[in-house]
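Engineer: no FASTA, just this:
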């Protein structure tokens, strides 16, 4: 009789959208004990956090925590301040960019990883459909991994920690295909920036348009529910 | 008649303790318009945040914001979880270490700096009296500066941003002397990990001992008020 090896722990950032759901499924498929972390940064739609809880449970995370950080205090984004979310994408960095969001979310994940003695952090950062956000590039992830190894006990005493961004080079269609292959129930996920309290999507914002294009390109039916159109 | 040059903006992390008060005074002395930022991470003593507000006002910060991030959700420290604060320092990383605290606080400062178009972030990180915390070393600050330049508009579009840790190589006595030279009213500051609601210090924790030793070595009277001893 052999002693089963204890699975290694991972912290997985989980927003409630389709990308991070696929990341969680990928981390589970690699055999990690997944601790899902949602960061509530004062975003407008709490339905995203409800979705994250459902996704964490459905995909077998062994814990799900929500850490609140009130970024409304510093403003600067259509997602946290009183700025309208635009229906059409423009050039440059969009108003839906939350200043330093990925840095802040990864920092909190780093803190929880240290508490758990986890050496793996997974996030859904993606450079392909990144809408011009500066903190969605491979160089950023590499720099954060380096920082994390200087900032923590794991880095100075142990084997070091790794930041995984497995979607980095994938298109939205690739992500939809990979999720379908791993059995992700996309009906549990909410991608829309302006989803209503029931998690129904607007169908018009950048996030809705990128998601719809991705599913169409992958030839997979998206179970997203949309707010009914007024006639 | 010459047009006065607009002072450059800086974000200054301000805890309410003596170190960050001296940093704010140093940033003001360098001519920056200082935006003071306190991060409330679920620490036990709200008196520290009251102190931060008084210090910001007394030292001429043009704004003071408090951003709450509830690190109690992830636990792991005597300052945020239900672990006793020890009276005497030990070897290694102490239980008062808050996992990834400086990474999280600098990340939020980075977000506010981006909103303000500020290119300077000041913090009171110190490697001399650092109690064994891994995120209080020069390499950590350099790595965060590099990360910040990859993560933000300032880094990819502009002149870049700088992380200033002017206390890095100073002893507690040096810090007390510099504060006295710049007119910091140390009676407004609270350093104790276990201060009471009136901001009175315990006199026994690591933070109290380091502060008292520093003032003694600098031959400066510390106006700290202590909780009266029970006989």
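Structural biologist: In hand now; what should we look at? For clarity, every value in this text was computed on a predicted model and none was experimentally measured.

Engineer: so where do the strands sit in chain A?
Structural biologist: Taking DSSP state E, the strands of chain A run over residues A:9-13, A:33-40, A:63-68, A:120-122, A:162-164.

Engineer: in CSV: these, plus distance to residue B:108 and mean neighbour count.
Structural biologist: Backbone N, C-alpha and C define where each C-beta goes, glycine included. Listed next are the strands of chain A as CSV, based on distance: least, CB to CB, whole Å; neighbours: other CB atoms under 10 Å in any protein chain shown:
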stretch, distance to residue B:108, mean neighbour count
strand A:9-13, 17, 26
strand A:33-40, 12, 24
strand A:63-68, 13, 17
strand A:120-122, 19, 24
strand A:162-164, 19, 19
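
Engineer: could I get the ones you listed as a markdown table with mean pLDDT?
Structural biologist: Converted to a markdown table, the strands of chain A look like this (pLDDT from 0 to 100):
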| stretch | mean pLDDT |
| --- | --- |
| strand A:9-13 | 97 |
| strand A:33-40 | 95 |
| strand A:63-68 | 93 |
| strand A:120-122 | 97 |
| strand A:162-164 | 97 |
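
Engineer: can you pull the pLDDT of residue A:227?
Structural biologist: Reading off the confidence values, residue A:227 has pLDDT 90.

Engineer: look up how far chain B lies from it.
Structural biologist: 30 Å (CB to the nearest CB, to the nearest Å).

Engineer: ok, now which ones touch that residue?
Structural biologist: A:196, A:200, A:201, A:202, A:203 (CB atoms under 8 Å, 6 or more residues apart in numbering or on different chains).

Engineer: same thing but at 6 Å, please
Structural biologist: By CB atoms under 6 Å, 6 or more residues apart in numbering or on different chains, the residues touching residue A:227 are A:196, A:200.

Engineer: can you check residue A:114 too?
Structural biologist: For residue A:114, the contacting residues are A:152, B:99, taking CB under 6 Å, 6+ apart as the criterion.

Engineer: flag every residue of chain A that's near chain B.
Structural biologist: Applying CB under 6 Å from any CB of the partner chain, one finds that chain A approaches chain B through A:65, A:67-70, A:73-76, A:93, A:99-100, A:103-104, A:107, A:110-112, A:114-115, A:134-135, A:139-140, A:143-144, A:146-147, A:150-153, A:156.

Engineer: circling back: could the strands of chain A be laid out in CSV, adding distance to residue B:28?
Structural biologist: Below are the strands of chain A laid out as CSV (distance: least, CB to CB, whole Å):
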stretch, distance to residue B:28
strand A:9-13, 37
strand A:33-40, 33
strand A:63-68, 32
strand A:120-122, 38
strand A:162-164, 37
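
Engineer: can you say which of the ones you listed is nearest to residue B:190?
Structural biologist: strand A:63-68 (24.9 Å; CB to CB).

Engineer: buried among the residues of chain A next to chain B? Make that a PyMOL selection.
Structural biologist: Restricted to buried positions by 16 or more other CB atoms under 10 Å in any protein chain shown, the PyMOL selection for the residues of chain A next to chain B reads:
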select buried, chain A and resi 65+67+69+70+73+74+75+76+93+99+100+103+104+107+110+111+112+114+115+134+135+140+143+144+146+147+150+151+152+153+156
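
Engineer: that older thread, which one of the strands of chain A lies closest to residue A:175?
Structural biologist: strand A:120-122 (13.8 Å).

Engineer: what sits up against that closest one?
Structural biologist: A:10, A:11, A:12, A:23, A:27, A:109, A:113, A:162, A:163, A:164.

Engineer: tell me the one of those residues nearest residue B:46?
Structural biologist: Nearest to residue B:46 among the contacts of strand A:120-122 is residue A:109, at 26.4 Å by CB to CB.

Engineer: that closest one touches residue A:12, doesn't it?
Structural biologist: No: using CB atoms under 6 Å, residue A:109 makes no contact with residue A:12, being 8.4 Å away.
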